[in-house]
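*Asks:* show me the folded form of this:
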Amino acid sequence: MTIRLGLVGVGKIAHDQHIPAIKASPAYELVCTASRQGSVEGIPAYTSIEAMLDGEQVDAVALCQPPHVRYDAAKLAIEAGKHVFLEKPPGTTQAEVVALADLARERGVTLFASWHSRYGAAMDAARDWLAATTIHGIQAVWKEDVRVWHPGQEWLWEQGALGVFDPGINALSVLTALLPRPFFLREAVLEYPANRHAPIAADLAYTDATGLPIGATFDFRQPGPHNWDVHAQTEAGTMLLAKGGNELWVDGELKTTEPEAEYRGLYARFAGLIGDGGAVDADTVPLAHVADAFMKGRRVTVEDFHY
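*Replies:* Numbers count the residues shown, from 1 in each chain. I've put the predicted structure just below:
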């Protein structure tokens, strides 16, 4: 059965990733959108999810709005009996995602908290390679130009927003998927522009029960090409998981050649969960790591940021 899908929030990520993945999948029919500004040519467009749910027959919704409004939209859709796909991060707090998962189970519908970097083409190979050796240390480096990847998105900097953790949470989702044991925060430094309420950079030091050194560095101020990389030092050599989980390099040699297909993988997973009778997949561990950073991190003020 084809899943009739409504897309909520038609911005950059929807145009870059969601719409191509939906159109490429035989499992879905994109029947409508809801957005204050964006739309998809030839598809009925509404300005709110309420109007969309009243006006169209959909089986599922994909929520691509900013995370601070996602809980209310997801709750509304679940209560209307719709399956829900949450763009990352799935919410602004761990507790609200847990509440949505509980509600979805109660109503018998799917809730999928999508961590797209976990679906990188090289993730399985990197996990297997690390599992076969002893890890001595691992570091995630997520640096990009916020003006390129989040142009004019003032919501990133509002009180309670994630700032640089909006992309940085992808690194945390990768580390939590790669490493064999849970890890926890030791120290953190968060850099806040004087004119903003959310961090523009972060330096994080973690460990696990064995004392493994685990690091993460996030920065919104990188000019030119971005870095979405994980570096590991191991008994078997050095590993680089590059391009957000899509290339695996070992001692400077490329080991994988599969094309990037993260969002196709996400939508295949969403369809599978729906086909399993409304199963729920809503991991909140990356969000917990972000909460720990805000709670424990030392705040440093840096120069103003302007788009």
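
*Asks:* state the mean pLDDT of the strand or helix carrying Ala188.
*Replies:* When elements are assigned from DSSP states H and E, Ala188 belongs to strand 183-193. Model confidence over strand 183-193, given as mean pLDDT, is 98.

*Asks:* need the residues that contact that strand.
*Replies:* With contact meaning CB atoms under 8 Å, 6 or more residues apart in numbering, strand 183-193 is reached by 157, 163, 175-176, 198-208, 212, 214, 289, 292-294, 296-305. Just so you know, the C-beta spots here come from the backbone N, C-alpha and C atoms, and that holds for glycine as well.

*Asks:* out of those residues, which end up buried?
*Replies:* 157, 163, 175-176, 198-204, 206, 212, 214, 289, 293-294, 297, 305 (16 or more other CB atoms under 10 Å).

*Asks:* so which of these are in helices?
*Replies:* 175-176, 289, 293-294 (DSSP state H).

*Asks:* enumerate every residue touching Ala74.
*Replies:* 63, 84, 86, 100, 111.

*Asks:* how many residues are close by Asp197?
*Replies:* Just to correct that, residue 197 is His rather than Asp. Using other CB atoms under 10 Å, His197 has 13 neighbouring residues.

*Asks:* now it: closest residue in space that isn't a chain neighbour?
*Replies:* Closest residue in space to His197, ignoring its immediate chain neighbours: Gln159 at 4.4 Å, by CB to CB, 6 or more residues apart in numbering.

*Asks:* local confidence estimate at that neighbour?
*Replies:* Gln159 carries a pLDDT value of 90.

*Asks:* number of nearby residues for it?
*Replies:* Count around Gln159 with other CB under 10 Å applied: 8.

*Asks:* what of Asn195?
*Replies:* Applying other CB under 10 Å, I find that Asn195 has 11 neighbouring residues.

*Asks:* quick check: it is in a helix.
*Replies:* No - according to DSSP: H, G, I helix; E, B strand; the rest coil, the state of Asn195 is coil, so it is not within a helix.

*Asks:* where do the helices sit along the protein?
*Replies:* Secondary structure of the chain (DSSP H): helices at 12-13, 19-24, 49-55, 70-79, 94-107, 123-131, 146-149, 165-178, 262-275, 285-296.

*Asks:* can you list these in JSON lines and add distance to Gln37 and mean pLDDT?
*Replies:* Listed next are the helices of the chain as JSON lines, based on distance: least, CB to CB, whole Å; pLDDT from 0 to 100:
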{"stretch": "helix 12-13", "distance to Gln37": "11", "mean pLDDT": "92"}
{"stretch": "helix 19-24", "distance to Gln37": "15", "mean pLDDT": "96"}
{"stretch": "helix 49-55", "distance to Gln37": "14", "mean pLDDT": "96"}
{"stretch": "helix 70-79", "distance to Gln37": "16", "mean pLDDT": "97"}
{"stretch": "helix 94-107", "distance to Gln37": "25", "mean pLDDT": "98"}
{"stretch": "helix 123-131", "distance to Gln37": "33", "mean pLDDT": "98"}
{"stretch": "helix 146-149", "distance to Gln37": "18", "mean pLDDT": "95"}
{"stretch": "helix 165-178", "distance to Gln37": "19", "mean pLDDT": "98"}
{"stretch": "helix 262-275", "distance to Gln37": "21", "mean pLDDT": "98"}
{"stretch": "helix 285-296", "distance to Gln37": "27", "mean pLDDT": "97"}
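
*Asks:* which of those sits closest to Gln222?
*Replies:* helix 146-149 (9.0 Å; CB to CB).

*Asks:* buried sites along that closest one?
*Replies:* Val146.

*Asks:* kindly report the same for stretch 53-66.
*Replies:* 53, 56, 58-66.

*Asks:* and for stretch 81-93?
*Replies:* For stretch 81-93, using 16+ other CB under 10 Å, the buried residues are 82-93.

*Asks:* before we move on, the earlier item: can you add distance to Arg186 and give the helices of the chain back as a markdown table?
*Replies:* Below are the helices of the chain laid out as a markdown table (distance: least, CB to CB, whole Å):
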| stretch | distance to Arg186 |
| --- | --- |
| helix 12-13 | 32 |
| helix 19-24 | 38 |
| helix 49-55 | 41 |
| helix 70-79 | 30 |
| helix 94-107 | 20 |
| helix 123-131 | 21 |
| helix 146-149 | 27 |
| helix 165-178 | 14 |
| helix 262-275 | 30 |
| helix 285-296 | 9 |
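
*Asks:* hey, which of those is tucked in deepest?
*Replies:* Highest mean neighbour count among these (mean count of other CB atoms under 10 Å): helix 165-178, with a mean of 24.
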